[in-house]
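In: Turn this into a model:
(one chain, ligands or ions: 2)
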Amino acid sequence: MSRKMNALVKDKAQEGLILTQVNKPKPKHDEVLIKIHKTAICGTDVHIYNWNQWAQANIKPPLTIGHEYVGEIAELGENVKNLTIGQLVSGEGHIVCGHCRNCRSGNAQWCKDTKSVGVNRDGAFAEYLCIPATNVVPINPDIDEDVVSFFDAFGNATHTALMFDVVGEDVLITGAGPIGMMACAICVKNGARSVVVTDVNDYRLDICKKLKATATINITKEKIEDIYQDRHIVEGFDVGLEMSGSASALNSMISHMRNGGKIALLGIQDAKTPIDLNEVIFKGLTIQGIYGRKMYETWYKMSAMIEGGLDLSPIITHRFNYREYEKGFAAMNSKNSGKVILDWSK
Ligand code: NAD
Ligand code: ZN
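Out: Ligands and ions are numbered 1, 2, ... in the order given. Alright, predicted model coming up:
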């Protein structure tokens, strides 16, 4: 068997990626080799492609990037049990220590020594990926592989959207990127009274309309309070999901929460983003930071929601063969995109 494979590699500390041949990984005794079928491009991959400040500080070339994928098990390390060759799988991208306090208390998403696939070690934009068996997530083969390809991002959306009870609640989502779109679909599915999504981009808000958002607001043209009367929102929103990383979106969310409201923060803010803490205090707001997804409870919820009829297919806007990756990154950089999928099976 050839020990070389194609991979998308950040080979130098500069913009762009190259498609090149690298060594095919060999699974260690507790690892699994996955033959990649499809991958999806995440905002993090775009940061690495564009070589922005975050990427310059965190990425050490050469590195195969990518962490959103679906594939099948190709090889098992000698100690791996309960998994089989040919099984359809995705995988948790955070490789955790298993020993720290959070790992041992069932909160591995807060591990103090987490390493990320496609960021701190070689990733999934390749014909094969090697990860620890503990990170492998078996997938129901009845689920559309295109949707499974972005289960990693769906996990961020699910963990954030399910952080607080949304049943019968008015939910404000700021940011209609792929993750905001998924959170919109999840809150609708889970019985929110209303799901209001804001963005600056009509293309993305239109996808939220297809996902049955109660209202979408382009904040460059409309105000959030404009929909209060129509939607019978009296005291403000009960639950806020911040998914833009924008300081102004976060501040407007805080001011649109009802007293006692709950906010989950996923969007990554600039380090010194100012907020009015007195508003948080006097309104009695709860603010919860979100990182990653619960291992592995969020994965169960994700599969179960899809099996229960949650349809994420409107979020997929582009599909390319992996050799056309430049088109995929251009679509992501244009912002007129939802999820962009690269096919590695042909
Ligand atoms: P994205 O950049 O594609 O989407 C962000 C959206 O916010 C864009 O559509 C943008 O137009 C919109 N936006 C910008 N300014 C706005 C404003 N003032 N009001 C409303 N919307 C505004 O990102 P994504 O891939 O959907 O991810 C969402 C966020 O979550 C990003 O900040 C990402 O870095 C972050 N993230 C965090 C984690 C975590 O573990 N905490 C994991 C994945 C992603
Ligand atoms: Zn740990």
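In: Let me see the contact set for the residue lying closest to Leu205 once chain neighbours are set aside.
Out: Nearest residue to Leu205, sequence neighbours excluded (C-beta to C-beta, 6 or more residues apart in numbering): Thr216, at 4.0 Å. Using the backbone N, CA and C atoms, a C-beta is placed for each residue, glycine as well. Counting by C-beta atoms under 8 Å, 6 or more residues apart in numbering, Thr216 touches 176, 196-199, 205-206, 208-209.
In: Among those, name the buried ones.
Out: 176, 196-199, 205, 208-209 (16 or more other C-beta atoms under 10 Å).
In: and the residues you listed, which two are the farthest apart?
Out: Maximum pairwise distance among those (C-beta to C-beta): 13.0 Å, between Thr198 and Lys209.
In: just to revisit the earlier point, would you turn the buried ones among the contacts of Thr216 into TSV with distance to Cys184, secondary structure and pLDDT?
Out: Shown next, in TSV, are the buried ones among the contacts of Thr216 (distance: C-beta to C-beta, whole Å; DSSP: H, G, I helix; E, B strand; the rest coil; pLDDT from 0 to 100):
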residue	distance to Cys184	secondary structure	pLDDT
Ala176	7	coil	98
Val196	9	strand	98
Val197	5	strand	98
Thr198	11	strand	98
Asp199	11	strand	98
Leu205	10	helix	98
Cys208	5	helix	98
Lys209	9	helix	98
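In: Columns distance to Tyr291 on top of the residues you listed, output as JSON lines?
Out: Shown next, in JSON lines, are those (distance: C-beta to C-beta, whole Å):
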{"residue": "Ala176", "distance to Tyr291": "21"}
{"residue": "Val196", "distance to Tyr291": "25"}
{"residue": "Val197", "distance to Tyr291": "22"}
{"residue": "Thr198", "distance to Tyr291": "23"}
{"residue": "Asp199", "distance to Tyr291": "23"}
{"residue": "Leu205", "distance to Tyr291": "27"}
{"residue": "Cys208", "distance to Tyr291": "24"}
{"residue": "Lys209", "distance to Tyr291": "30"}
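In: Among the contacts of Thr216, which one sits closest to Ala161?
Out: Val197 (12.0 Å).
In: Give me the phi and psi angles of the residue of the stretch 151-300 of the chain found nearest ligand 1.
Out: Going by C-beta to the nearest ligand atom, ligand 1 is nearest to Gly177 of the stretch 151-300 of the chain, at 2.0 Å. Dihedral pair for Gly177: phi -70, psi -180, per degrees, to the nearest 10.
In: Next, count neighbours for it.
Out: Gly177: 21 surrounding residues under other C-beta atoms under 10 Å.
In: what's near enough to touch it?
Out: 43, 199, 204, 243-244.
In: who wins for most neighbours among those residues?
Out: Top of the contacts of Gly177 by neighbour count (other C-beta under 10 Å): Met243, with 31 neighbours.
In: Pick out the most distant pair among the contacts of Gly177.
Out: Maximum pairwise distance in the contacts of Gly177, criterion C-beta to C-beta, is 14.2 Å, between Gly43 and Asp199.
In: Wait, a strand at the residue nearest to Leu205?
Out: Yes. Counting by DSSP: H, G, I helix; E, B strand; the rest coil, one finds Thr216 located in a strand.
In: Which strand residues bridge it?
Out: Residues in a beta bridge with Thr216, per DSSP bridges, are Val197.
In: Next one: it relative to Glu222, how far apart?
Out: As judged by C-beta to C-beta, to the nearest Å, Thr216 and Glu222 stand 9 Å apart.
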